[in-house]
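In: from the sequence below, what's the structure:
(4 chains)
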2 protein chains.
Amino acid sequence: MINAERAMDALGDPTRRLVFKRLRNRTRSVGEIAEGMDVSRPAVSQHLKVLKAAGLVVVRAEGARRLYGVDTRGIEALRGWLDGFWEEALVAFKQAAEREATKGRKPR
Amino acid sequence: MINAERAMDALGDPTRRLVFKRLRNRTRSVGEIAEGMDVSRPAVSQHLKVLKAAGLVVVRAEGARRLYGVDTRGIEALRGWLDGFWEEALVAFKQAAEREATKGRKPR
DNA sequence: GCCATTGGTTAGTCTTGACTTACGGTTAGA
DNA sequence: TCTAACCGTAAGTCAAGACTAACCAATGGC
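Out: This is a model prediction of the structure:
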């Protein structure tokens, strides 16, 4: 199972988010990703390493090139984390509202 | 509108995530949040400032205490960002599959 | 076989930001 | 009013990590 916390750490950096977003539409080679960005190609390579370790990105070798694309498992992990958080917060809200509504009543 | 990128930056730090998660169940005071954590109360205060600026947290003054709770807008912004990303990736997958299916056919 | 392309890794620099200590302001209680 | 509790801010320290330049390995075309 892929770690959502790890994914959040990875996406906590603007440059890394930009790299990630560049793979949204299609797979790209490293050089292709770096092109047009204001950081060097090795920097992009390092970011990809982190994104890969976080389960946000997958690689496929094609000759001398490496084609990177989004890993859906990372996105799903994030969504799960978010949904779980949302769920618990909702339950807490309801309970708080319940306590508010019964406030002042004679217990039982 | 609340910025999803800002929220991602904020949640990119483990300690800050821990602070955020402590508000999942109910609102808490600053001292209450810091209690049991391995960082000082001012550190927590600074994290709360960042979380608040990111739209992930709201404050309510109650006497000398400040009660912090989750801001649903921040979560919604994150969810929107994630869903948008997911959507675009899905479209790209379909288009890629389509191109794959028609590969080799005589054009028109 | 040779050279160009592609990209991962290493070493080293430097900025960002997480943290603590100290301080000041505000509120509640005696 | 005096004191204690609560909390935000400022100043300063320090480590994490983002980045570049240089190097090396692998692949493909000629």
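In: use CA for all of it now, contacts and neighbours both
Out: Fine.
In: what about the nearest residue to residue A:23 once chain neighbours are set aside, distance to DNA strand C?
Out: Closest residue to residue A:23 in three dimensions, ignoring its sequence neighbours and counting by Cα to Cα, 6 or more residues apart in numbering or on different chains: residue A:69, at 5.5 Å. Noted for residue A:69: a distance of 12 Å to DNA strand C, by Cα to the nearest atom of the strand, to the nearest Å.
In: could you report the neighbour count for residue A:69?
Out: Residue A:69 has 22 neighbouring residues, counting by other Cα atoms under 10 Å in any protein chain shown.
In: list the contacts for residue A:29?
Out: The contact partners of residue A:29, by Cα atoms under 8 Å, 6 or more residues apart in numbering or on different chains, come to A:65-68.
In: need the buried ones from those residues selected in ChimeraX.
Out: Those of the contacts of residue A:29 that count as buried under 16 or more other Cα atoms under 10 Å in any protein chain shown are selected in ChimeraX with:
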select /A:66,67,68
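In: ok so, going back, can you name the element that comes right after the helix or strand containing the residue nearest to residue A:23?
Out: Using DSSP states H and E, residue A:69 sits within strand A:65-70. Downstream of strand A:65-70, the next assigned helix or strand under DSSP H and E is helix A:72-101.
In: buried residues in that following helix?
Out: By 16+ other Cα under 10 Å, the buried positions in helix A:72-101 come out as A:72-79, A:81-82, A:85-86, A:89, A:92-93.
In: again with stretch A:48-66
Out: A:48, A:50-59, A:66.
In: what's the most distant pair in those?
Out: The span of those, defined through Cα to Cα, is set by A:54 and A:66 at 17.9 Å.
In: leaving out sequence neighbours, find the closest residue to residue A:91.
Out: residue B:25 (7.9 Å).
In: tell me how many other residues surround the one you found.
Out: 18.
In: just how off-centre is stretch A:26-44 within its chain?
Out: In terms of Cα atoms, centre = their mean, to the nearest Å, the centre of stretch A:26-44 is set 19 Å apart from its chain centre.
In: what helices or strands is the lowest-mean-pLDDT helix or strand in chain A leaning on?
Out: Each helix and strand of chain A was given a mean pLDDT (mean pLDDT, DSSP states H and E); the minimum falls on helix A:72-101 at a mean of 88. In terms of contacts (3 or more Cα pairs under 8 Å, 6 or more residues apart in numbering or on different chains; DSSP states H and E), helix A:72-101 is packed against helix A:4-10, helix B:72-101.
In: export the ones you listed to CSV and tack on distance to residue A:35?
Out: As requested, those are exported to CSV (distance: least, Cα to Cα, whole Å):
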stretch, distance to residue A:35
helix A:4-10, 21
helix B:72-101, 21
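In: and of those helices, who's closest to DNA strand D?
Out: When those are compared by Cα to the nearest atom of the strand, helix A:4-10 sits nearest DNA strand D, at 7.4 Å.
In: now the helix or strand following that closest one against helix B:72-101, angle please.
Out: Helices and strands here follow DSSP H and E; after helix A:4-10, the next one along the chain is helix A:14-21. Interaxial angle, helix A:14-21 versus helix B:72-101 (axes from the mean of the first three to the mean of the last three Cα atoms, to 10 degrees): 40 degrees.
In: what sits up against helix A:14-21?
Out: Contacts of helix A:14-21 (Cα under 8 Å, 6+ apart): A:10-11, A:33, A:44, A:47-48, A:51, A:57, A:70, B:5, B:9, B:85.
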